[in-house]
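[1] Build me a model from this:
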Amino acid sequence: MRTSKTRWPPVPPEGADTAFVLDHIKMLFGDRYDDFLDWLAHIEQFPGVLPHTGWLHTSSYVGTGRNAMARLLTHTFAGYVAASVDLEQILEGSFNGE
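    Sure thing, here's the model as predicted:
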């Protein structure tokens, strides 16, 4: 279970090179890179406090690695992610619970 004492970012295995992940986030989010990392940090550090914003990343191009990033975040936040949610069905339906 995540608590407010959880260290952010999560400590990678010794010797792991994680610079490519940060570089990828910079490439995807550009000037909003820090805002996106702050949002992730909030989710990790305060799991019971919903952030007041959400992120939707769209692109005119294929092959930018958005799915790779989504998969990485799905594994990082396993058990707290609705990875296969059908957004269209949710938006068109009347159910709005968890």
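[2] And for the residue nearest to the spatial centre of the chain, nearest residue in space, chain neighbours not counted?
    Closest to where the C-alpha atoms of the chain average out (C-alpha atoms, centre = their mean) is Leu73, at 4.9 Å. In this structure, Leu73 finds its nearest non-sequential neighbour in Val81, 7.1 Å apart by C-beta to C-beta, 6 or more residues apart in numbering. Heads up, the C-betas are built off the backbone N, CA and C, glycines and all.
[3] Check which element follows the lengthiest helix in the chain along the chain.
    Looking across the chain with DSSP state H, the single longest helix is helix 33-45. Counting by DSSP states H and E, the next helix or strand C-terminal to helix 33-45 is helix 66-76.
[4] Tell me where the model's unsure across the protein.
    Along the chain, the model assigns pLDDT under 70 to residues 1-11, 95-98.
[5] that older thread, correct me, but the residue nearest to the centre of the chain touches Ala82?
    No - in this structure, Leu73 is not within contact of Ala82 by C-beta atoms under 8 Å, at 11.9 Å.
[6] Now the longest helix of the chain - C-alpha only, CSV.
    Taking Å, rounded to 0.1, in the frame of the first residue of the first chain, the C-alpha atoms of helix 33-45 are listed here in CSV:
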residue,chain,number,x,y,z
TYR,A,33,7.4,18.1,-18.2
ASP,A,34,7.8,19.3,-14.6
ASP,A,35,4.0,19.7,-14.2
PHE,A,36,3.5,16.1,-15.3
LEU,A,37,6.2,14.8,-12.9
ASP,A,38,4.6,16.8,-10.1
TRP,A,39,1.3,15.2,-10.9
LEU,A,40,2.8,11.7,-10.7
ALA,A,41,4.6,12.6,-7.4
HIS,A,42,1.3,13.8,-5.9
ILE,A,43,-0.4,10.5,-6.8
GLU,A,44,2.5,8.5,-5.3
GLN,A,45,2.9,10.5,-2.2
